[in-house]
Each structure stands twice: as C-alpha cells, then as structure tokens.
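Novice: fold the following.
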Amino acid sequence: TAPYGDAVLGAGDTPVCAVSSITAALLAQMIVAEVVRTMRAAGETPPVYLSANVPGGDAHNDALEARYAGRIRRPA
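Specialist: Residues are numbered from 1 along each chain as shown. Predicted coordinates for the structure are as follows:
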C-alpha cells in the first residue's frame with residue numbers, strides 16, 4: 001500500500017519517490033510480457049525493438065520501422 005501522498009521517502013519537507021511510478025512501470029511490463037507470450041503461443045513473432053548495443057540491433061529496428069512506417073508517430 002502506498003503511503004498518503006504516494007511518496008516513500010522524505011527529502012526534508014518534500015516527499016519523493018512515488019510508489020505509483022513503480023507500479024505503473026511494473027504493470028506496463030507485465031502487459032508486454034503477456035502480449036509477447038500470447039503472440040509466441042500463436043506462432044507469431046512479436047515486433048519488438050532490440051537493443052542497439054547487440055549485433056544486428058540497428059538493422060532489426062530499421063526493418064521494423066520500415067514495416068510499420070505508416071503507423072509510427074513521433075512527437076515533434
């Protein structure tokens with residue numbers, strides 16, 4: 001349970017480190033994991049980015065961006 005004000009640490013008079021941020025990130029990753037699991041179980045390859053730090057990562061990501069070019073929207 002998150003404390004009143006959603007923060008777990010006090011920095012003087014200012015509470016910091018919101019529990020809701022951690023919870024939201026965990027829930028988002030759990031959704032990603034379930035979608036990937038479901039896609040793999042259906043024999044599909046999930047369209048996920050690879051780290052640019054692994055061999056072939058940039059080429060893989062460029063191919064994904066080309067495939068979904070009409071759907072990708074980036075803020076200005």
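
Novice: okay, now the unreliable bits of the chain?
Specialist: Nowhere does the chain drop to pLDDT under 70.

Novice: contact partners for Asp6?
Specialist: Pro15, Ala18, Val19, Ser20 (CB atoms under 8 Å, 6 or more residues apart in numbering). To be clear about C-beta, it is placed using only N, CA and C from the backbone, and glycine gets the same treatment.

Novice: report the beta-bridge partners for the closest residue to it other than its chain neighbours.
Specialist: Once flanking residues are discounted, Asp6 sits nearest to Ala18: 4.7 Å by CB to CB, 6 or more residues apart in numbering. Beta-bridge partners recorded for Ala18 (DSSP bridges): Ala7.

Novice: got JSON lines for the contacts of Asp6, with neighbour count too?
Specialist: Output for the contacts of Asp6, formatted as JSON lines (neighbours: other CB atoms under 10 Å):
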{"residue": "Pro15", "neighbour count": "15"}
{"residue": "Ala18", "neighbour count": "15"}
{"residue": "Val19", "neighbour count": "14"}
{"residue": "Ser20", "neighbour count": "10"}
